[in-house]
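Colleague: Sequence and predicted structure, then a few things I'm wondering about:
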Amino acid sequence: MVQIGPVQLPDFPLLLAPMEDVSDPPFRAVCKENGADLVYTEFISTEGLIRDAIKSRKKLDIFPQERPVGIQIFGGDEEAMGLSAAIIETTAPDLLDINFGCPVKKVVCKGAGAAVLKDLDAMVRLTKAVVSRTTLPVTVKTRLGWDEDSKNVEEVAERLQDVGIQALAIHGRTRAQLYKGEADWTLIAKVKNNPRIHIPIFGNGDIDSPQKAVEYKNRYGVDGVMIGRAAIGYPWIFREIKHYRETGELLPPPTLEERIAACRQHLEGSVNWKGEKLGVLEMRRHYANYLRGIPHMKEWRMQLVTVNEAAGIEAILDRMLAERVGEAVA
């Protein structure tokens with residue numbers, strides 16, 4: 001078992017990465033049903049949370065079927081981070097995660113996300129502000145460093161463990177790399193093998209197949225892996241990894257029925273969470289991913305994204321099944 005405070009996870013857990021505009025409750029539920037062991041919300045601005053911004057507050061929504069679930073925050077102000085931690089505790093997630101890894105300019109310019117990698121003293125202060133204001137397990141997601149010349153994640157791990165974090169997820173790229181190039185897990189392994197480190201270490205970056213997940217577990221010794229982009233439109237990756245690790249065999253790809261069932265589940269969750277109008281609208285960006293590889297996908301997608309009622313979407317999905325359009329899916 002892997003332990004994060006009172007949260008018990010299976011041996012070699014699979015984590016769904018927090019992804020902006022992706023990791024909402026409907027998507028998390030689909031991934032959870034297909035084998036994700038721990039899921040996270042989209043990251044939440046501490047400044048927005050304190051201002052009672054509607055979008056930030058909405059991101060606090062969590063539901064029983066997705067537990068264990070962590071709420072992730074980002075910010076560059078100690079007072080705001082601490083107050084946000086206290087606010088979040090009232091919503092009773094299973095853990096609270098701090099984002100010290102987001103590379104996007106609008107976050108970095110606020111002195112948050114990966115920007116904090118340039119000032120480890122500030123990172124420690126921000127982390128202490130959160131740990132001191134909550135009884136929840138506090139975890140962190142970060143990167144190797146700001147750029148190639150400042151890969152400081154080994155020091156980050158030690159210093160953040162010393163102030164009370166209970167798990168660390170490391171993306172194997174620097175901020176300067178953004179999402180380009182191949183993720184380097186060698187420093188993640190060094191953190192894991194550091195005799196001073198006793199908290200769980202999770203690796204993130206480029207896990208896009210069952211074979212790679214198991215290979216990286218064996219090669220780098222991490223406690224678990226965090227999966228992001230590979231799960232978008234393909235939540236089955238979690239069950240495929242588990243099956244491969246247990247049997248050494250690959251599962252067949254999801255059938256047409258499974259793909260459409262995932263669309264239906266995601267659509268229903270989206271409508272229940274956001275209401276029909278917005279739920280249908282926000283679901284439009286997911287169809288191409290769920291139905292990737294289906295013959296004449298462009299034509300089907302055009303139909304799906306031009307209907308404004310859930311019943312109309314359901315009717316299109318019914319026609320797709322009736323015509324067996326996915327027989328050639330591989």
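Modeller: Cool, the structure landed. Numbers count the residues shown, from 1 in each chain.
Colleague: now the strands: where do they sit in the stretch 51-200 of the chain?
Modeller: With DSSP state E, counting those that start in this stretch as the criterion, the stretch 51-200 of the chain has strands at 69-74, 95-100, 138-143, 168-171.
Colleague: Only alpha carbons, please: show the first one as CSV.
Modeller: Output for strand 69-74, consisting of C-alpha atoms alone and laid out as CSV, is shown next (Å, rounded to 0.1, in the frame of the first residue of the first chain):
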residue,chain,number,x,y,z
VAL,A,69,-9.8,13.1,-4.7
GLY,A,70,-7.3,16.0,-4.2
ILE,A,71,-8.0,19.7,-4.7
GLN,A,72,-5.1,21.5,-6.3
ILE,A,73,-4.3,25.2,-5.8
PHE,A,74,-1.8,27.7,-7.1
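Colleague: list the contacts for the closest residue to G75 other than its chain neighbours?
Modeller: Excluding the flanking residues, the one nearest G75 by C-beta to C-beta, 6 or more residues apart in numbering is T46, at 3.3 Å. Where you see a C-beta, it was placed from the backbone N, CA and C, and this is true even at glycine. Taking C-beta atoms under 8 Å, 6 or more residues apart in numbering as the criterion, T46 is in contact with I73, F74, G75, D77, A80, M81, L83, S84.
Colleague: ditto for D223
Modeller: V2, F12, P13, K192, P200, I201, F202.
Colleague: ditto for D21
Modeller: E42 are the contacts of D21 under C-beta under 8 Å, 6+ apart.
Colleague: how about a cut-off of 10 Å?
Modeller: Neighbour list for D21: F27, E42, E282, R285 [criterion: C-beta atoms under 10 Å, 6 or more residues apart in numbering].
Colleague: and what of H243?
Modeller: With the criterion set at C-beta under 10 Å, 6+ apart, H243 makes contact with G35, P210, W236, E249, L250, L251.
Colleague: For R219, state which of those residues is nearest.
Modeller: P210 (14.8 Å; C-beta to C-beta).
Colleague: Surely the closest one and P253 touch.
Modeller: No. Using C-beta atoms under 10 Å as the test, P210 is too far from P253 to be in contact (11.7 Å).
Colleague: shared neighbours of those two, which are they?
Modeller: Joint contacts of P210 and P253 (C-beta under 10 Å, 6+ apart) are E240.
Colleague: Give me the more crowded residue out of the two.
Modeller: P210 (21 against 13; other C-beta atoms under 10 Å).
Colleague: Please tell me how far the more buried one sits from L187.
Modeller: Per C-beta to C-beta, to the nearest Å, P210 is found 24 Å from L187.
Colleague: Can you tell me the closest non-neighbouring residue to E155?
Modeller: L120 (6.4 Å).
Colleague: Name all residues that make contact with the one you found.
Modeller: Applying C-beta under 10 Å, 6+ apart, the residues contacting L120 are F100, N152, E155, V156, R159, L160.
Colleague: Just the pLDDT at it, thanks.
Modeller: At L120, the model reports a pLDDT of 96.
Colleague: related to what we said a few turns ago, which phi and psi does the residue nearest to G75 have?
Modeller: phi -70, psi -40 (degrees, to the nearest 10).
Colleague: For the lowest-mean-pLDDT helix or strand in the chain, which outside residues touch it?
Modeller: Ranking every helix and strand in the chain by mean pLDDT, DSSP states H and E puts helix 54-58 at the bottom, with a mean of 75. Helix 54-58 is contacted from outside by 24-25, 42-51, 73, 84, 87, 91, 273-274, using C-beta under 10 Å, 6+ apart.
Colleague: at 6 Å instead, please
Modeller: I44, S45, G48, L49 (C-beta atoms under 6 Å, 6 or more residues apart in numbering).
Colleague: of all these, which comes closest to R324?
Modeller: Nearest member of those to R324, counting by C-beta to C-beta, is I44, at 42.6 Å.
Colleague: what residues are up against the closest one?
Modeller: Per C-beta under 6 Å, 6+ apart, neighbours of I44: S56, K59, I73.
Colleague: And for E79?
Modeller: Counting by C-beta under 6 Å, 6+ apart, E79 has no contacts.
Colleague: let's see it at 8 Å
Modeller: Counting by C-beta under 8 Å, 6+ apart, E79 has contacts A129.
Colleague: how near is it to L96?
Modeller: 16 Å.
Colleague: Repeat that for I4.
Modeller: 11 Å.
Colleague: overlap in contacts of these two?
Modeller: With C-beta under 8 Å, 6+ apart, I4 and L96 have common neighbours P137, T139.
Colleague: any chance you could map the helices in the stretch 201-330 of the chain?
Modeller: 210-220, 237-247, 256-274, 276-283, 287-290, 297-304, 310-322 (DSSP state H, counting those that start in this stretch).
Colleague: pLDDT averaged over the longest one, what's the number?
Modeller: The predicted model assigns helix 256-274 a mean pLDDT of 95.
Colleague: And for that helix, what's in contact with it?
Modeller: With C-beta under 8 Å, 6+ apart, helix 256-274 has contacts from 24-27, 29-30, 33, 61, 235-236, 254, 279-280, 282-283, 286-287, 290-291, 294, 310, 313-314, 317, 320-321, 324-327, 329.
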